[in-house]
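> give me the fold of what follows.
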Amino acid sequence: MIALVLPLFGPFPATVQQSLAQSIVTYVLTDPLTGQAIGGMDPVSYFTEPAPLPGRPDFELVWKGAPFQFANAANMEIFRRNPEIYAPQYGGHGAMSMSRGFVSDADPLIYTVFKQRLFMFYSAANREAFLLAPDAAALRGQEHWTTLSKTLSTR
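Residues are numbered from 1 along each chain as shown. Model prediction:
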């Protein structure tokens, strides 16, 4: 049996330095177990149903390097034609966290649709904080996303 031993402190070999420098956070937030965007939920259904619907593997479309699933073919086609409208803001990362200047995970079941855009949150408390001043939070979030999104991997 061969063991690879790396020093705890630098300098690291060039191949290790390169892998440490690579982004492990993706542009579109995906489930670490399934690889699905927004937990496999249908992004169009957030706008058309009282609660989001789970997507189906037979209705899948890759956008920005992430697989999105849809409840039906019609929703998949709607998204394909206008993904910027139906995809969650900030790649599905936590909207209040983005407003505060950092990237965080989000729960696809903790969300709001504000001004016809989908925002997802890490917690219900984050959603409530966002809703106290949604215009300001969304504007700050977009400003931070413009910069932070450039550092994220598209796979």
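> surely residue 104 meets residue 122?
Yes - under the criterion of C-beta atoms under 8 Å, residue 104 makes contact with residue 122 at 5.1 Å. The way it works is simple: take the backbone N, C-alpha and C, and place the C-beta from them, glycine included.
> who touches both of those two?
Counting by C-beta atoms under 8 Å, 6 or more residues apart in numbering, the common neighbours of residue 104 and residue 122 are 94, 97.
> state the distance from residue 59 to residue 99.
32 Å (C-beta to C-beta, to the nearest Å).
> the more surrounded of the two?
residue 99 (25 against 18; other C-beta atoms under 10 Å).
> these two touch, right, the more buried one and residue 134?
No - using C-beta under 8 Å, residue 99 is not in contact with residue 134, being 9.6 Å away.
> start and end of stretch 103-110, how far apart?
Counting by C-alpha to C-alpha, to the nearest Å, you get 16 Å between the two ends of stretch 103-110.
> for residue 29, give me the pLDDT.
We have a pLDDT of 92 for residue 29.
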